[in-house]
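**Student:** Fold the following and give me the result.
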Amino acid sequence: MAHIDAGKTTLTERILFYTKKIHKIGEVDEGSATMDYMPQEQERGITITSAATVFNWNNYEIHLIDTPGHVDFTIEVERSLRVLDGVVTVICAVGGVEPQTETVWHQAERYHVPRLAFVNKLDRLGADFNRAVSMIKDRLGANPVPVQIPMMDGDQFKGVIDLIRMKALVWDSESKGEYFECLDVPLEFKESAEAARNFMLETAAEQDETLLEHYLENDSLDEKQIISGLRKGTISNNIVPILCGSALKNQGVQPVIDAIIDFLPSPIEVPPISGINPETGAEEFRNPKAKDPLCALAFKVIMDQGRKAVFVRVYSGELVAESEVFNATRGVKERVARLFLTHANKREKIKSATVGSIALVVGLKETKTGDTITSEGAPLILESVETYLPVISIAIEPQTRSDQEKLIFCLDKIAQEDPSFVHSENQETGQLLISGMGELHLEIIVDRLRREYGIDVQTGKPQVVYKESVSNSAEAKVIFDREIHDVRHFGEVTISVRPAARGAGLIFETSDRFKESAPELIPHIENGAKESTLAGALAGNEVVDLIVKLEAIGPESSLMSPLGVKVAASQATREACEKAGPIILEPFMSVEVVVPEEFVGEVIADLNSRHGRLEEVTPRGKTSLLKAISPLANMFGYSTSLRSLTQGRGIFTMQYSHYDVKQ
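**Tutor:** Residues are numbered from 1 along each chain as shown. As a prediction, this is how the structure comes out:
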């Protein structure tokens, strides 16, 4: 996991090459990387969807998920972290800890996932290993412990020093980094390597009392003791081992695979998973053992050529192909038709999946993201995957009328895959709106509709949903008296309106004397008043943030009918609103922008031009976090503007804040 363009997919590609999973290294920039298999990923050179693979290294089986780094696809990282036992965080040696790295780091913290970090791109101009390590400590609040340091000759990256074994590792460029030499540490790096090693030894010893005793007596630890101490500290989330290299130049990759085995937990070392028994409501645990009842979490749904498949992580028991399982979340039986291990978009059929496996299941018709799959006799519901509310919408319509029904069907399928995507019809405008985490997210959805489902759609800005309120107090009296089908309908009411606090909605008030004298009429008067607020006097928008009060009922209450008082109340409320200075309200968004410090002035000026109100500027090293409130109507197209203002380096998130007076 990491910020966009830190080198996650490039590192993954090398790992797969050195573990013989692939026979040719693909490159992200060329669109040939194994894990970026979607056409949209290959064209843009970014990861959009998490891709899973499995490989072997030194008799260990490792399941790996390559996650996206773009803020629009944070849900992909969230659901991967929910089911993984360890994480390799990739840090750019030039950019250091970037905004999305912070986001995914805190997601991993929430699930208590042990982490190690790989400082990448040390071959780049401006690379600074020590600065990257300091940022991990200062920005992420972690305790970084380098187990390697780079050998730098000015700006030239020569190799790494392994502090555990005190050897210099130098990679052979002719073999695409497949082979490397272990040499004695060069004299010029001896002092810095000794200092870094002493810090590592002290930290490793502190993780275990027995090791600490040994270290204090002997002033040293052997290789096994160092790894044991660092492993204990990593699994308990006390420390973060730091490795370094350049994935693009094929340097430093094999030690990362070794570190995964040395420092991160295996599935059987993970604490028992806890959940709620749906029958008793009690908390129960499942041990990571094949003999325990089956317990697995469905963390991702995909549609493959129109057919549904579900990624699951097995925590206990065994998931067997052609067997019946129980969806404890939905209380239904499901059938596992087929089971696969995946390698990006390729599949390998398997008969069963056991503890720790990430498998793809075909046949689970009712299962959705976040559901728990168990044995029928031992139901358990695990903590689900957190979802995110969409922050931006666009209006879409098909090019042809015949595609209308097909479009809704296809959007439903995409929504099953992606919990952060929503589609709905705006009742006020009749537009079909698609909503997601950002403009890139929606751009990808529209592209998928065209490529995968053969539907061309037109897109446009949605009509922002405005609301109405009042600025003053006013009162109106209405007498309604009419015969309908020989039945007299009579009502006489006096209604007053006044503004309420923003976000209060509609409040109906009445006094106790009416509840005593005409209790049967009050509900009809309230319904009439509420109905009249569905379409305001100015532009037919819903009226909100309004207090409607029943001031009087006519003296002949015994002659009044429910319909009569309802119509009278509706007309009186409308009249009072017209007198009370009606105003238009528009939705405002809470906007957070992270930009390099040199672009802060331009970004603030642009937000001001959109009638944004700057609330806070927080320096974060070489970047700044800007917080602002801005009208939604002025924020469409903002990601494109921000990109051009900041040379593509600014990112923003946006979510609904409140309705306020239209500017």
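**Student:** Give me the number of neighbouring residues for residue 539.
**Tutor:** Per other Cβ atoms under 10 Å, the neighbour tally for residue 539 reads 11. Every residue, glycine included, has its C-beta placed from N, CA and C.
**Student:** Select the longest helix from this protein.
**Tutor:** helix 187-206 (DSSP state H).
**Student:** List the buried residues for whichever helix or strand comes after that one?
**Tutor:** Scanning forward in sequence from helix 187-206 by DSSP states H and E, the next helix or strand is helix 209-218. Across helix 209-218, burial judged by 16 or more other Cβ atoms under 10 Å covers 211-212, 214-215.
**Student:** got the contact list for the closest residue to residue 457 other than its chain neighbours?
**Tutor:** With sequence-adjacent residues excluded and distances taken as Cβ to Cβ, 6 or more residues apart in numbering, residue 457 is closest to residue 396, at 4.6 Å. Each residue near residue 396 by Cβ atoms under 8 Å, 6 or more residues apart in numbering is listed here: 407, 432-434, 446, 457-460.
**Student:** if you set the cut-off to 6 Å instead, what comes out?
**Tutor:** 432, 434, 457, 459 (Cβ atoms under 6 Å, 6 or more residues apart in numbering).
**Student:** so how far does stretch 466-481 reach from one end to the other?
**Tutor:** The straight-line separation of the ends of stretch 466-481 (Cα to Cα, to the nearest Å) is 35 Å.
**Student:** Pull the residues that contact that stretch.
**Tutor:** By Cβ under 6 Å, 6+ apart, the residues outside stretch 466-481 that reach it are 490-492, 494-499, 536, 538, 541-546, 564, 567-568, 571-572, 575-577, 579-586, 659.
**Student:** which element follows the helix or strand of the chain with the lowest mean pLDDT toward the C-terminus?
**Tutor:** Ranking every helix and strand in the chain by mean pLDDT, DSSP states H and E puts helix 39-44 at the bottom, with a mean of 68. Using DSSP H and E, the helix or strand that follows helix 39-44 in sequence is strand 51-57.
**Student:** tell me what that next one is packed against?
**Tutor:** Packing partners of strand 51-57 (3 or more Cβ pairs under 6 Å, 6 or more residues apart in numbering; DSSP states H and E): strand 60-66, strand 338-343.
**Student:** out of these, which comes closest to residue 608?
**Tutor:** strand 60-66 (39.7 Å; Cβ to Cβ).
**Student:** That closest one: what's the following helix or strand?
**Tutor:** Counting by DSSP H and E, the next helix or strand C-terminal to strand 60-66 is helix 74-83.
**Student:** circling back to that earlier point, tell me which helix or strand the residue nearest to residue 457 sits in.
**Tutor:** Using DSSP H and E, residue 396 maps to strand 392-398.
**Student:** Ok, residue 231 next?
**Tutor:** helix 223-235.
**Student:** Give the other helices and strands that that helix contacts.
**Tutor:** Using 3+ Cβ pairs under 6 Å, 6+ apart, helix 223-235 sits against helix 187-206, helix 254-263.
**Student:** pull the CA atoms of the shortest one into CSV?
**Tutor:** It stands for helix 254-263. Extracted C-alpha coordinates of helix 254-263, given in CSV (Å, rounded to 0.1, in the frame of the first residue of the first chain):
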residue,chain,number,x,y,z
GLN,A,254,14.5,-10.1,-2.7
PRO,A,255,15.2,-8.9,0.9
VAL,A,256,11.7,-7.5,1.0
ILE,A,257,10.3,-11.0,0.3
ASP,A,258,12.6,-12.4,3.1
ALA,A,259,11.4,-9.6,5.4
ILE,A,260,7.8,-10.6,4.8
ILE,A,261,8.6,-14.1,6.1
ASP,A,262,10.9,-12.9,8.8
PHE,A,263,8.8,-10.1,10.4
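**Student:** List the neighbouring strands of the helix or strand following it plus their orientation.
**Tutor:** Next in sequence after helix 254-263, counting helices and strands by DSSP H and E, comes strand 273-276. If you go by DSSP bridges, strand 273-276 pairs up with strand 283-286 (antiparallel), strand 381-382 (antiparallel).
**Student:** Now do the buried residues in strand 273-276.
**Tutor:** Neighbour counts over strand 273-276 (16+ other Cβ under 10 Å) mark 273, 275-276 as buried.
**Student:** and if you look at stretch 166-176?
**Tutor:** For stretch 166-176, burial by neighbour count (16+ other Cβ under 10 Å) applies to 167-171.
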